[in-house]
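Enquirer: here you go, sequence then predicted model.
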Amino acid sequence: MPDRNPFPFTPAEAEDLTADEIVAAAITAFHPGIAVACSFQQEEAVILDMAFAVRPDVRVFALDTGFLFPETYDTWRAYEDRYGISIEAFRGPSPEEQAAEYGDRLWERDPNQCCGIRKVEPLGRALAGLDAWITGLRRDQAPTRANTPKVEFDEARGNWKISPLADWTVDDVWARIRERELVVNPLHAQGYASIGCTYCTKPGTGREGRWANLEKTECGLHPAGGAAQ
């Protein structure tokens with residue numbers, strides 16, 4: 001934990017605050033050293049709306065794995081058009097470079113390594129130099145996320161991790177989407193509750209559609225227990 005807490009509240013006190021209050025406090029405390037991590041899912045539709053209400057120039061980044069759905073790339077462009085922004089893209093090696101070094105269809109043979117190359121390493125570059133980042137994690141998304149705090153200092157990465165929707169349900173998320181008429185990834189209407197890469201995502205509730213038939217529900221960006229291990 002750093003010597004100084006930049007928030008006007010403790011992480012424990014944050015648990016009693018609303019998502020809008022936490023987003024506003026985080027951006028006020030850290031701008032320009034804060035960014036929203038965007039995976040173009042239902043939660044980010046809400047997070048972006050909250051963030052841009054505080055500062056229209058807040059930084060937003062995304063991990064472009066090279067294997068995202070066409071609908072996800074369409075949503076990416078729709079967000080940029082709606083808010084008049086440019087979302088920063090962080091990428092790993094090209095699919096061709098990965099295949100040349102690790103062999104074809106690494107996502108089938110070693111999905112953890114594939115996620116490490118295409119997601120975890122690019123995230124490290126995205127977070128470099130940031131004081132804080134905002135995520136769309138919710139506790140009811142998966143058992144591995146059940147203890148996600150709303151505000152925490154990630155000792156491993158050396159910055160603050162903000163998850164303002166941690167105590168929201170999926171119904172809460174969609175109520176805000178309808179209220180604010182937000183742009184959402186059309187894959188949600190096709191039965192995809194959680195959206196990742198084309199090869200590793202199928203329709204399903206929660207995160208059951210991710211890495212189906214494998215004992216894997218996380219890509220390594222958010223290790224169980226909250227902060228990175």
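Expert: It's in. Note that the structure is predicted; figures quoted are calculated from it, not measured.
Enquirer: next secondary structure after the helix or strand bottoming out on mean pLDDT in the chain?
Expert: Least confident element among the helices and strands of the chain, by mean pLDDT, DSSP states H and E: helix 106-109 (a mean of 88). Secondary structure here is assigned by DSSP states H and E; on that basis, the next helix or strand after helix 106-109 toward the C-terminus is helix 111-115.
Enquirer: does anything pack onto whichever helix or strand comes after that following helix? Which helices or strands?
Expert: Proceeding N to C from helix 111-115, the next assigned helix or strand is helix 121-127, under DSSP H and E. Packed against helix 121-127, as judged by 3 or more Cβ pairs under 8 Å, 6 or more residues apart in numbering; DSSP states H and E, are the following elements: strand 34-37, strand 59-63, strand 88-90. C-beta coordinates here come from the backbone N, C-alpha and C atoms, glycine included.
Enquirer: ok, and what's touching helix 121-127?
Expert: Where contact means Cβ atoms under 8 Å, 6 or more residues apart in numbering, the residues beyond helix 121-127 that reach it are 35, 37, 61, 63, 88, 90-92, 133, 157, 159, 221.
Enquirer: narrow those residues to those that are buried.
Expert: 35, 37, 61, 63, 90, 92, 133, 157, 159, 221 (16 or more other Cβ atoms under 10 Å).
Enquirer: so where is this structure shaky, pLDDT-wise?
Expert: Counting by pLDDT under 70, the ranges of the chain that qualify are 1-3, 205-229.
Enquirer: about what we covered before: now render the helices and strands packed on helix 121-127 as a markdown table, adding distance to residue 118.
Expert: Output for the helices and strands packed on helix 121-127, formatted as a markdown table (distance: least, Cβ to Cβ, whole Å):
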| stretch | distance to residue 118 |
| --- | --- |
| strand 34-37 | 15 |
| strand 59-63 | 8 |
| strand 88-90 | 10 |
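Enquirer: out of those, nearest to residue 116?
Expert: strand 59-63 (12.0 Å; Cβ to Cβ).
Enquirer: partner strands of that closest one, parallel or antiparallel?
Expert: The pairing partners recorded for strand 59-63 under DSSP bridges are strand 34-37 (parallel), strand 88-90 (parallel).
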